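In: Quick check, what structure comes out for this input:
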Amino acid sequence: MSYSDDIRKHCAQRYVEPARARRVREVRIRAGDVHRDRGYRSRIPLVCSALGANAFGEMCRVGRKEILGPLNGSNTVFVFEILL
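Out: Next up is the predicted model:
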């Protein structure tokens, strides 16, 4: 499994699926939190790339609404709409 696949799978399980179960319409994922959770070092751009890719939206059935903060920083927040 690639790092990107690992990140997408982690975010699906940790953020998207619980939000969907609670019937929340929006989920926010901070790149630095994912980076820390996975125990990575110096891979923030990889995390941002994995979350910003269309593959994440397709895999999790979410639509990207906006990206807050710097484009490749630990404080980058990806905002997704949970699609039904």
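In: When you work out contacts or count neighbours from here on, use the C-alpha atoms and nothing else.
Out: Fine.
In: what about the helices in this protein?
Out: In the chain, the segments counted as helices under DSSP state H are 3-11, 17-21, 31-38, 44-52, 54-60.
In: just checking, what packs against the third one?
Out: Yep, that's helix 31-38 we're talking about. helix 3-11, helix 44-52 (3 or more CA pairs under 8 Å, 6 or more residues apart in numbering; DSSP states H and E).
In: hang on, the earlier thing: of the helices of the chain, which stretch is the most buried?
Out: Of the helices of the chain, the one with the most neighbours on average (mean count of other CA atoms under 10 Å) is helix 44-52, at a mean of 20.
In: Roughly how far does the residue nearest the centre of the chain sit from I29?
Out: The structure's the chain has its C-alpha centroid closest to L51; by CA atoms, centre = their mean the separation is 4.4 Å. Distance from L51 to I29, counting by CA to CA, to the nearest Å: 9 Å.
In: A50 now?
Out: A50 sits at a distance of 12 Å from I29 (criterion: CA to CA).
In: now R20
Out: Distance, R20 to I29, using CA to CA: 14 Å.
In: just R8 next, same as before
Out: 11 Å.
In: do A53 as well
Out: Distance, A53 to I29, using CA to CA: 14 Å.
In: In terms of neighbours, single out the busier of those two.
Out: Just comparing A53 and I29: by other CA atoms under 10 Å the higher neighbour count belongs to I29, 19 against 13.
In: I figured the more buried one hits V77, correct?
Out: Yes - I29 lies in contact with V77 (CA atoms under 8 Å); the separation is 5.5 Å.
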